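K.L.:
Predicted model follows, preceded by the sequence.
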Amino acid sequence: MHSAETKRLIRFDNVTLGYGKRVILKEISFAIHKGDYFGIVGPNGSGKTTILRAVLGTLRPLSGSVEAMPQEGMKLRFGYVPQRDTVDNVVPYSVHQVVMMGRYRQIGFLRRPGSEDRELVRESLKHVGIEDLGRSSFKNLSGGQKQRVLIARALAAQPNILILDEPTNGMDLNSRWSILSLISKLHSEDRLTVIMVSHMLDDVANHVKRIALVEKGFFQVGSVDEVLTAENLSKIYGMDVRVSEVHGKKSIVGRGDNGHN
């Protein structure tokens, strides 16, 4: 387990999150550590994306503090991959143009991309396996290809923390497996700290290392085995949920379910 203070990158201390007078999550405390593959799961509307907004600094806590704690000589840089349907209708941009958006903060307002920026875009596309799609129209791609473009856009910012909001939502099984394999590779080989939100419990259970289970009035952080228990999930989802292991993979099934919550 992470115990050294120096390994914490982001700390939530007794944080209450919400919008105006509407409280979404109350008095939560946890930390993101360097090298984490951290999952945030829970039912739709439970506050998962709200936590991401607080991490990114786009939502200020109603109370408590969210503190960035970069290591010595290291500035926290976020690569954010939003839910795909928020950018599905981006027109008429090419894949190359969408990925270049990841460079805007570094390029500066109204300045033109330089050769280094264009090279980083090419490298990012190659890194996610779609270097041949640079001239393609983003809107004409498959769901899995669009997701790779958005991950490439995040990588173009040269992040040390990669944040993904529902990266496998609406995908078939093969596409989900492919995207999750890519994210795991970025975590293990590129040593990126990863924070991933998902309501697909099987996806998270078989990839992340630490997890937060989120619901109104309930918040627990720990290892997958500690948090994704049948007791916790049955309580959160209001149904009989069973957690088992098949061929080394966790399977989470609700009664009357086809294999997913």
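P.N.:
Looks like it came in fine.

K.L.:
surely Met196 meets Asp36?
P.N.:
No - taking contacts as CB atoms under 8 Å, Met196 lies outside contact range of Asp36: 10.3 Å. C-betas here are computed from N, CA, C, even on glycine.

K.L.:
of the two, who's got more company?
P.N.:
Legend: neighbour count by other CB atoms under 10 Å for Met196 and Asp36, higher for Met196 (27 against 22).

K.L.:
Please name the strands paired to the helix or strand hosting that one in the sheet, noting orientation.
P.N.:
Using DSSP states H and E, Met196 sits within strand 193-198. Here strand 193-198 is paired, per DSSP bridges, with strand 37-41 (parallel), strand 161-165 (parallel).

K.L.:
Would you tell me what the next helix or strand after that strand is?
P.N.:
Next along from strand 193-198, by DSSP H and E: helix 201-205.

K.L.:
Does anything pack onto the least confident helix or strand in the chain by mean pLDDT? Which helices or strands?
P.N.:
Ranked by mean pLDDT, DSSP states H and E, the weakest helix or strand in the chain is helix 104-107, scoring a mean of 78. The contact analysis (3 or more CB pairs under 8 Å, 6 or more residues apart in numbering; DSSP states H and E) places helix 104-107 against no helix or strand.

K.L.:
Give me the contact list for it.
P.N.:
Helix 104-107 has contacts (CB atoms under 8 Å, 6 or more residues apart in numbering) with 113-114, 117, 157-158.

K.L.:
For it, buried residues please.
P.N.:
In terms of neighbour count (16 or more other CB atoms under 10 Å), helix 104-107 has no buried residues at all.

K.L.:
After that helix, which helix or strand is next? Please name it.
P.N.:
Downstream of helix 104-107, the next assigned helix or strand under DSSP H and E is helix 115-127.

K.L.:
what are the ranges of the helices in the stretch 51-200 of the chain?
P.N.:
Along the stretch 51-200 of the chain, counting by DSSP state H, counting those that start in this stretch, helices occupy 95-100, 104-107, 115-127, 143-155, 173-188.

K.L.:
Worst mean pLDDT among those?
P.N.:
Here the lowest mean pLDDT among the helices of the stretch 51-200 of the chain goes to helix 104-107, at a mean of 78.

K.L.:
Can you give the distance from that helix to the centre of its chain?
P.N.:
The chain centre lies 22 Å from the centre of helix 104-107; the measure is CA atoms, centre = their mean, to the nearest Å.
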